[in-house]
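**Q** kindly generate the corresponding structure for this input.
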Amino acid sequence: MPLRPVLAFALLGSMPLAAAPTKEAVIDAMKRASDAFVEKAAVEGGFVYYVTLEGRRLGEGEATATEIWVQPPGTPAVGEAFLDAHEATGDAFFLAAAQRAGRALAYGQLESGGWRNSIDFDPAGPRIDQYRNGKGKGKNFSTLDDDITQSTLGFLFRLEAAAPGKEPAIRDAIDYGWPRLLAAQFANGGFPQGWTGPVPDRATVKASFPTYDWRTEGRIKEYWNEYTLNDGMALTMTETLLRAHRFGQKNEALESLKRFGEFLLLAQLPDPQPAWAQQYGPDMHPIWARAFEPPAVSGRESEDAMLALLRIAEVTGDEKFLAPIVPAVKYLESSLLPDGQLARYYEIGTNKPLYMQRNGKAYELTNDDANLPDHYGWKNPSRLDLIKQAYRARLAGRSVDELLAPAPVEATAVEEVIGGMDPDGLWITTHGTSEERLVGQPKFAVGETYLSSERFAENLRLLSGYVKGLSR
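**A** Okay, here's the model as predicted:
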């Protein structure tokens with residue numbers, strides 16, 4: 001006969017509940033995982049995206065045996081996870097791992113002051129660049145694309161603050177790179193996609209729509225020297241400048257942040273499409289970038305710009321940085337696709353979603369999403385609800401940072417992450433299907449096993465968050 005409900009609950013209440021993972025057990029797992037991952041995946045303290053168990057090393061394509069990746073989720077992302085672990089535990093083991101990653105990044109700093117997407121420790125490597133240490137010859141273009149220089153410099157600021165003066169190479173890289181980043185900021189507060197030296201002086205004008213035929217006119221060959229917000233640049237630059245201010249005690253960082261906020265105000269396009277473009281020319285018209293990146297209003301970059309403005313408003317205390325948000329949100333809400341997503345591009349004038357189709361090696365503009373190339377994010381989940389919450393929080397005097405902070409880590413998630421480690425302490429991923437794609441690298445065989453820097457960093461951060469919560 002089954003137990004009556006009341007009796008069943010009484011018996012369950014008397015049973016001992018499974019104990020949550022202890023702080024000591026979680027820290028032990030963190031150290032085992034870090035030891036194992038460094039042993040298998042690190043080169044000179046740095047990392048690529050993926051390392052297969054057969055020894056292939058992959059970034060955006062095959063990496064050499066002496067190469068590491070700068071672009072997230074490469075070396076800076078793993079270094080940040082080690083710093084999270086050090087902050088949570090106070091264990092010097094994790095700080096040392098972060099410092100090795102920092103020294104690896106400092107090695108590959110360009111003469112122009114920033115970084116490119118990879119670093120090769122072999123002076124004869126195929127992707128060697130013009131490192132300021134004199135051990136390379138090649139490109140000297142410091143890039144702000146894909147959070148490369150921002151994530152690196154931001155990580156180094158945080159790393160130096162964790163152990164001031166302990167790593168001269170890291171301090172030197174900051175002191176060399178920081179003024180060169182500032183010299184790459186235009187008078188209107190914007191930044192180019194990258195730099196080799198200081199940017200030219202220009203008149204400051206408000207963004208507007210081109211009066212010429214943007215489909216065939218107004219192309220700028222070296223678009224990378226122009227103002228950009230591509231690929232999350234508004235948020236990544238904001239975070240880097242905030243870190244320079246927070247960890248570097250640099251007054252000029254706050255001034256640079258204010259100027260960047262002023263640029264975002266200037267870059268908002270007029271009605272009836274009061275949002276932001278991905279790329280702007282000297283006259284602040286939206287312009288072409290790559291062949292599949294047309295002049296247009298950009299859903300993703302507009303959301304990034306609003307989140308950046310919310311953070312800038314909070315840090316500076318200047319409410320003028322909130323002014324663009326209400327009209328931009330209303331416009332983007334009216335532009336949502338039937339599935340609730342935002343198109344990456346909306347056509348100037350018509351506001352129709354704008355896409356590309358491949359015709360051989362060429363791209364053709366279209367409003368039809370039936371045959372999209374799969375190498376690019378043509379549609380993105382909307383973050384407008386989050387932006388509205390953050391806006392209301394700011395008006396009420398609450399912290400935007402607190403709203404954006406991760407939720408407390410549950411014990412069940414910790415158990416799942418620790419349970420996913422193999423006996424050696426590795427988190428091993430098995431490639432599922434031939435259709436499965438990975439960031440920058442789709443060429444895995446079905447069933448091929450590999451280590452992922454992104455997975456390692458996410459898991460270590462999760463465990464660190466749990467330990468930090470227990471410490472509170």
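
**Q** the helix or strand that contains residue 156: which residues count as buried?
**A** Secondary structure assignment for residue 156, by DSSP states H and E: helix 148-162. By neighbour count with 16 or more other Cβ atoms under 10 Å, helix 148-162 contains the buried residues 148-160, 162. Quick note: C-beta positions are derived from backbone N, CA and C, even for glycine.

**Q** I'd like the next helix or strand past that helix.
**A** Toward the C-terminus from helix 148-162 - assigned by DSSP H and E - lies helix 168-183.

**Q** how is this protein divided into domains?
**A** Domain segmentation of the chain under automatic domain parsing yields 1-183+406-472, 205-405.

**Q** export the ones you listed to TSV and tack on mean pLDDT and distance to residue 194?
**A** Converted to TSV, the domains of the chain look like this (pLDDT from 0 to 100; distance: least, Cβ to Cβ, whole Å):
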stretch	mean pLDDT	distance to residue 194
domain 1-183+406-472	89	4
domain 205-405	95	6
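
**Q** minimum distance to residue 195: which of these has it?
**A** domain 1-183+406-472 (5.5 Å; Cβ to Cβ).

**Q** packing partners for the helix holding residue 156?
**A** Judged by 3 or more Cβ pairs under 8 Å, 6 or more residues apart in numbering; DSSP states H and E, helix 148-162 is in contact with helix 75-89, helix 92-107, helix 168-183, helix 233-248.

**Q** using PDB, write out every CA atom in the first one.
**A** To tie it back to what came earlier, the one meant is helix 75-89. Listed next in PDB are the C-alpha coordinates belonging to helix 75-89 (Å, rounded to 0.1, in the frame of the first residue of the first chain):
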ATOM      1  CA  THR A  75      44.300  33.800 -23.300                       C
ATOM      2  CA  PRO A  76      42.700  37.000 -21.600                       C
ATOM      3  CA  ALA A  77      39.500  35.100 -20.900                       C
ATOM      4  CA  VAL A  78      41.400  32.200 -19.300                       C
ATOM      5  CA  GLY A  79      43.500  34.700 -17.300                       C
ATOM      6  CA  GLU A  80      40.400  36.400 -16.100                       C
ATOM      7  CA  ALA A  81      39.100  33.100 -14.800                       C
ATOM      8  CA  PHE A  82      42.300  32.500 -12.900                       C
ATOM      9  CA  LEU A  83      41.900  35.900 -11.300                       C
ATOM     10  CA  ASP A  84      38.400  35.100 -10.300                       C
ATOM     11  CA  ALA A  85      39.700  32.000  -8.700                       C
ATOM     12  CA  HIS A  86      42.400  33.900  -6.900                       C
ATOM     13  CA  GLU A  87      39.900  36.500  -5.600                       C
ATOM     14  CA  ALA A  88      37.600  33.700  -4.400                       C
ATOM     15  CA  THR A  89      40.200  31.600  -2.700                       C
END
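
**Q** report the buried residues of it.
**A** So, applying 16+ other Cβ under 10 Å, buried residues of helix 75-89: 75-89.

**Q** so where do the helices sit in the stretch 201-350 of the chain?
**A** Listed in chain order, the helices of the stretch 201-350 of the chain (DSSP state H, counting those that start in this stretch) span 233-248, 251-267, 299-316, 325-334.
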